[in-house]
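In: Could you look at this predicted model? Sequence included:
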Amino acid sequence: MSDAASSPSGALRQPDRLLILSVFVVASCGLAYELIAGALSSYLLGDSVLQFSSIIGCYLFAMGVGSHLSKYVDDQDVLARFIDIELLVGLLGGLSATLLFLLFAWMSAPFRSVLYALVFALGVLVGMEIPLVMRVLHTRQASFSELVSRVLTFDYLGALVVSLLFPLVLAPRLGLSRTGFLFGMANVAVALWTLWHYRADLPRLRGRLTRGVLVMAFLAAGLATSGQLTAWAERGLFGDEVIFATTTPYQRLVVTRWKDDTRLYINGNLQFSSRDEHRYHEALVHPALESLPWARSVLVLGGGDGLAVREVLRHGHVERVTLVDLDPAMTGLFSRNAELAALNGGSLSDPRVSVINADAGRWLEEHGEVFDLIIADFPDPSSFGLGKLYSVPIYRLMARHLSENGALVVQSTSPWFAPRSYWCIDATLREAGFHTHPYHAHVPSFGEWGFNLATRRPGFTPPTHYSVPTRYLDADTTRLMFQFPPDMRALPVEANHLNSQALVHYFEQDWRNVVR
Amino acid sequence: MQRRRFLGLGAATGMAAALPACRQLEHLGIPISVLRPGMVEGHRLRDAAPLPPATREIRTGVAILGSGIAGLTAAWRLARAGHTDFLLLDGPEPDGNAAAGTQEGVPHPRGAHYLPLPSLESRVVREILREMGVIEDAPFAARPRYAETVLVHEPDERLWFEGQWCEGLLPTAHVDADEAAQLHRFMDEMARLQDTRGADGQRVFTVPLALSSADPGWRALDAQTFGHWLTARGYTAPSLLAWLDYVCRDEYGAGPERISAWFGLHYFASRGGHAANARDGSVLTWPDGLAPLARHLRTSLAPGCQRAGMAWRIDESPHGVSILASDADGPFRILAERAICAMPLHVSARIVPDMPARGFDPARHAPPLSPWLVANFLLDGFPAEAGDVPLAWDNVIHGSPGLGWVVATHQWLRAARPPRTVFTAYRALADRSPADARRWLESASAASLYEMASEELRRVYGGPTLWRLTRAVEITLRGHGMACPVPGTLSNAGLGALRQARGRLLFAHADLSGYSVFEEAAHWGDQAAQKILAG
């Protein structure tokens, strides 16, 4: 490149060429903030198509507003304003991801408003950048055609680089918060560099320089501590560090870990803690399966974490386990993720197990297979939709899938916290023609938890020994499990019918009385 | 300004400018299909288009013309009695008002969508329900036991009142004490009427209507409108009147100011069905409305007993009944010993040339018919609900010209909400004369039909939300949807004459009762079959 100070052909002086390079950085940063906001909102709110397109739309529109506003900047102030805007973009954009994350962790109500306000503000500022750069260069006599071509080339080039780097390197390696800080620092670096190069043309140099250095230091500190900040925010939500999170069409799955305690949350509700889940799953599976030594086939409904299946597979006489869980993301996670598959002992990949991703209600209606044991491990009946899974018709439907001497075990909420719900499930099973054998176990992370073992024929006796290795169950524990002390005695409640949904009403009342 | 930015800005300002013009865009990109069952055939009849001569001939014992509930019940009764020499000719719309459709695996109604718990007198309906397994126990007792899967599941209904949802269809908890007192007084009076008997010892109001008391004192109520009766009884509370207006339009396709007082009371006092395992006022419903009942009635028929086709002319002679009909292969003639004309009376009036000689003068006796619109919105997921009252099966808007919507997937037994659902919105075009409404329906564009059909959904969920979730809309227009029981219906001599028909040609349709419900259609279908079985 020739170095002609004011070449009529329009070639640029070196500082101006560097200014063009800074366009590349500025464009990269602009796109990065847009991608961060889109990714963060689809990560936190779900429905990624909607989130991404509304964020992009809002951002582009705001950029238009910014471009329009740029004409109100006086010619002599252009350079100074450009530097101010760079500092502001750096600060706001750099902080955006962390700010939104912290906000979501503590209050979800104004999240959307803040998100769009932030995106709009960033868009306006970023929209002013390029017009201002072009005016800076134009006043320095670069020819207009050359100018437009170069600025736009670098603008688009920056966009390309970031659009590839963001999903492939930055988001997975650095995370959204750190990526934000990094690009914020790049914006501030452009400001500082411009400031230094045009120091002769700029008034109040010292003040500007101080401000720039302060913002840079602030962002650097943010970058260094963002790991802690994010973990802190997630702890605000879940109490522990989040090691995996995804939003599926059906639910939001979050796996957390603190020391050796791995926990699964579905829609914010604790499903298990690896410290005591063995109590829950041993109690769910072994009392029934130990008393069915001839059982060959087992159906597990729900329970996509594979932990109940793990316990089932301990019984060598079981030849075939069918797991029906709604969400392929859930069963996929617990069969492919090495850490989580270690929790269930790789049960979902066992050759005896077939995993079916289907709606349990629909699957029961459409298939005719008969099983020796059915384990219904559904979420608590907190809505009218879920209440249907604990109704007389669904238990009658399950009875049709059960061999004559088989058993059905139902996760039945807590007889301590939700006694009416617990005994309502018992009444429902009896109404559906089952003989019921209610029992309970203490699972520290849930409290006192309830189950029900239902058989089509009378005469069940709890097992007095276990042929499989257990950590929690033995003869004495089992005997106590099937006894209810006076403060947990059966209550006279209605059965859960579809046309009354008594269970959902009981459940709501029960939990309203519990101080959690 | 850069091109990218310019385009972004342009798109945004374009959207903003388009917002006021959104009415045009409401259905943009949403496929709308409009069904007009029977319209082409009906207009051919009306215009008396000349018929080509028949080239084929079919002989049968009994020809049943029309496969709505009346025709299906007649065929079912004959088949159950071992009488197999009959032919059921479908007519332009198989299953009539019980017809249903399916969109992307979600079955939904195209007409009627529920059955109240049958009264003690509805023996035919109870017999059908027992055969289907819907009545599990004590089919003819005061409180039969019903299959729970068919009883409407909780939550069954809710009302949009002053910008929010409340449970139930009566805003009792949201109005002042005077209005609430009137609501209660009305409900008490209706409860008393349920057990009231006429001088002849019969219940005053029954379903089927034919079994109601003949006491002239009570039947005199048929001389005035329901609106008049309400005013005379001091029922003036706006919330009560708005609710009654909804009930009358929902049941009869017209408001209290048009329908007979006897029929207005009949709705409240005649049902009185109870169940061993459901509260009073509960209903039976299926995902696809009443279509499963029609399907069940068909299962009793041998395949050879039913065929597609439409009757164009019926002539009775001393030797039999000759019917000119046509199907996809062209015109044919059915020679039957007897026939049951199981079609709406306004169609019979065009097909049977000697109706006046049978005592039915179409000009004087044909019941007015209310036009209906049934719109099925196939949705990608469920819209977010405002407030704590969850989506119910029946969702009604207080004081709105529409009749709300039912959720086709409500009765599904599923672990999770299905990814797609259908909301079926109903509307009786009661705000203009039936003739005007039919003229409007005939020429209305898909866009204006959509606008009318979606009015309530847009009001509750917002236009953009509905637009975003709607995958397709199917609108069924029933220009002559159902008979409207105006004053004088009970003493309509033409209807009486057709009910009494004893010759080779019999009549069976809910129209014979002057209003359109499953129970009446089943009753008249059964009556016609009984006459044939009696010889």
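Out: Perfect, I can see it now.
In: Who are the packing partners of whichever helix in chain A runs longest?
Out: Secondary structure of chain A per DSSP state H: the longest helix is helix A:205-238. For helix A:205-238, the packing partners by 3 or more Cβ pairs under 8 Å, 6 or more residues apart in numbering or on different chains; DSSP states H and E come out as helix A:78-106, helix A:175-197, strand A:241-247, strand A:252-258. Glycine gets a C-beta too; all of them are placed from N, C-alpha and C.
In: Make JSON lines out of those and add mean pLDDT and mean neighbour count.
Out: Below are the helices and strands packed on helix A:205-238 laid out as JSON lines (pLDDT from 0 to 100; neighbours: other Cβ atoms under 10 Å in any protein chain shown):
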{"stretch": "helix A:78-106", "mean pLDDT": "86", "mean neighbour count": "22"}
{"stretch": "helix A:175-197", "mean pLDDT": "89", "mean neighbour count": "23"}
{"stretch": "strand A:241-247", "mean pLDDT": "72", "mean neighbour count": "16"}
{"stretch": "strand A:252-258", "mean pLDDT": "80", "mean neighbour count": "19"}
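In: So which of the ones you listed is nearest A:S273?
Out: Comparison of these against A:S273 by Cβ to Cβ identifies strand A:252-258 as nearest, at 9.4 Å.
In: Show the subsequent helix or strand relative to that closest one.
Out: Later in the chain than strand A:252-258, the nearest helix or strand by DSSP states H and E is strand A:261-266.
In: Parallel or antiparallel, which strands does that following strand pair with?
Out: Sheet pairing of strand A:261-266 (DSSP bridges) gives strand A:252-258 (antiparallel), strand A:269-273 (antiparallel).
In: Can you give me the separation between the closest residue to A:F82 other than its chain neighbours and chain B?
Out: Closest residue in space to A:F82, ignoring its immediate chain neighbours: A:L132 at 4.4 Å, by Cβ to Cβ, 6 or more residues apart in numbering or on different chains. The gap separating A:L132 from chain B is 13 Å, by Cβ to the nearest Cβ, to the nearest Å.
In: Next: A:R211.
Out: 28 Å.
In: What residues does the residue nearest to that residue when sequence neighbours are not counted make contact with?
Out: Leaving aside its chain neighbours, A:R211 sits nearest to A:L87 (6.3 Å; criterion: Cβ to Cβ, 6+ apart). By Cβ atoms under 8 Å, 6 or more residues apart in numbering or on different chains, the contact set of A:L87 is A:N187, A:V188, A:A191, A:R211, A:G212, A:V215.
In: let's see 6 Å
Out: With contacts defined as Cβ atoms under 6 Å, 6 or more residues apart in numbering or on different chains, A:L87 is in contact with A:A191, A:G212, A:V215.
In: ok, the last one - contacts?
Out: The neighbours of A:V215, taking Cβ under 6 Å, 6+ apart as the test, are A:L87, A:L91, A:V188.
In: Output those in TSV; the columns should cover distance to B:E189.
Out: Converted to TSV, those look like this (distance: Cβ to Cβ, whole Å):
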residue	distance to B:E189
A:L87	77
A:L91	72
A:V188	79
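In: Just the element for B:F332, please.
Out: For B:F332, the host element (DSSP H and E) is strand B:330-341.
In: I'd like to know how many residues surround the residue nearest to B:P292 when sequence neighbours are not counted.
Out: Nearest in space to B:P292, with sequence neighbours left out and distances taken as Cβ to Cβ, 6+ apart, is B:W286 at 4.6 Å. A count of neighbours around B:W286, defined by other Cβ atoms under 10 Å in any protein chain shown, yields 21.
In: Validate this expectation: B:W286 resides in a helix.
Out: No: B:W286: not assigned to a helix; according to DSSP: H, G, I helix; E, B strand; the rest coil it is coil.
In: quick one: the helices in the stretch 301-450 of chain B?
Out: Assigned by DSSP state H, counting those that start in this stretch, the stretch 301-450 of chain B shows helices spanning B:345-351, B:362-365, B:434-443, B:446-461.
In: Now do the contacts for B:V125.
Out: By Cβ under 6 Å, 6+ apart, the residues touching B:V125 are B:P118, B:E519, B:A522.
In: Grab the nearest non-local neighbour of the first one.
Out: If I follow you right, that is B:P118. Distances taken as Cβ to Cβ, 6+ apart put B:V125 closest to B:P118, at 4.4 Å, once the chain neighbours are dropped.
In: In three-state terms, label that neighbour for me.
Out: At B:V125, secondary structure determined by three-state DSSP is helix.
In: With chain A as the reference, measure out to it.
Out: As for B:V125, its distance to chain A is 19 Å (criterion: Cβ to the nearest Cβ).
In: care to break chain B down by domain?
Out: Here the domain parsing of chain B from automatic domain parsing is B:54-94+B:308-366+B:486-533, B:115-151+B:157-281.
In: first to last residue in the shortest one, what's the distance?
Out: Terminal residues of domain B:54-94+B:308-366+B:486-533 lie 30 Å apart, using Cα to Cα, to the nearest Å.
In: same question, the longest one
Out: One end of domain B:115-151+B:157-281 sits 11 Å from the other (Cα to Cα).
In: Tell me how far it lies from the chain's centre.
Out: Its chain's average C-alpha position is 16 Å from that of domain B:115-151+B:157-281, according to Cα atoms, centre = their mean, to the nearest Å.
In: again, but for the first one
Out: The gap between where domain B:54-94+B:308-366+B:486-533 is centred and where its chain is centred comes out at 19 Å by Cα atoms, centre = their mean.
In: quick one: contacts for residue 402?
Out: Defaulting to chain A. Counted by Cβ under 6 Å, 6+ apart, A:L402 has contacts A:I374.
In: Switch to chain B, please.
Out: B:G402 sits next to B:R427, B:E455, B:E456 when contact means Cβ under 6 Å, 6+ apart.
In: Just the pLDDT at it, thanks.
Out: At B:G402, the model reports a pLDDT of 95.
In: what separates it from chain A, distance-wise?
Out: B:G402 sits 24 Å away from chain A, going by Cβ to the nearest Cβ.
In: residues near the closest residue to B:T421 other than its chain neighbours, how many?
Out: Leaving aside its sequence neighbours, B:T421 sits nearest to B:T409 (Cβ to Cβ, 6+ apart; 4.4 Å). Residues lying near B:T409 (other Cβ under 10 Å) number 19.
In: same check, this time on the one 5 residues further on
Out: Residues contacting B:R414 under the criterion other Cβ under 10 Å number 17.
In: A:D359 is in contact with that one, correct?
Out: Yes: counting by Cβ atoms under 6 Å, B:R414 does reach A:D359; the two are 5.0 Å apart.
In: quick one, what contacts A:P287?
Out: Under the criterion of Cβ under 6 Å, 6+ apart, the contact list for A:P287 reads A:P462.
In: Sorry, wrong one. I was asking about B:W393.
Out: Applying Cβ under 6 Å, 6+ apart, we find B:W393 in contact with B:V152, B:D156, B:V406, B:V407, B:H410.
In: can we see that at 10 Å?
Out: With contact set as Cβ atoms under 10 Å, 6 or more residues apart in numbering or on different chains, B:W393 has these partners: B:113-114, B:152-158, B:283, B:285, B:405-411.
In: again, but for B:T285
Out: B:T285 touches B:109, B:112-115, B:150-153, B:156, B:292, B:393-394, B:406, B:408, B:410-411, counting by Cβ under 10 Å, 6+ apart.
In: Drop anything exposed from these.
Out: Buried positions within these, assessed by neighbour count (16 or more other Cβ atoms under 10 Å in any protein chain shown), are B:109, B:112-115, B:150-153, B:156, B:292, B:393-394, B:406, B:408, B:410-411.
In: measure the closest residue to chain A within the stretch 251-400 of chain B to B:R185 for me?
Out: Taking Cβ to the nearest Cβ, chain A has its nearest neighbour within the stretch 251-400 of chain B at B:A278, 5.2 Å off. Between B:A278 and B:R185 the computed distance is 26 Å (Cβ to Cβ, to the nearest Å).
In: Which one of these two is surrounded by more residues?
Out: Between B:A278 and B:R185, counted using other Cβ under 10 Å, the more crowded position is B:A278 (22 against 15).
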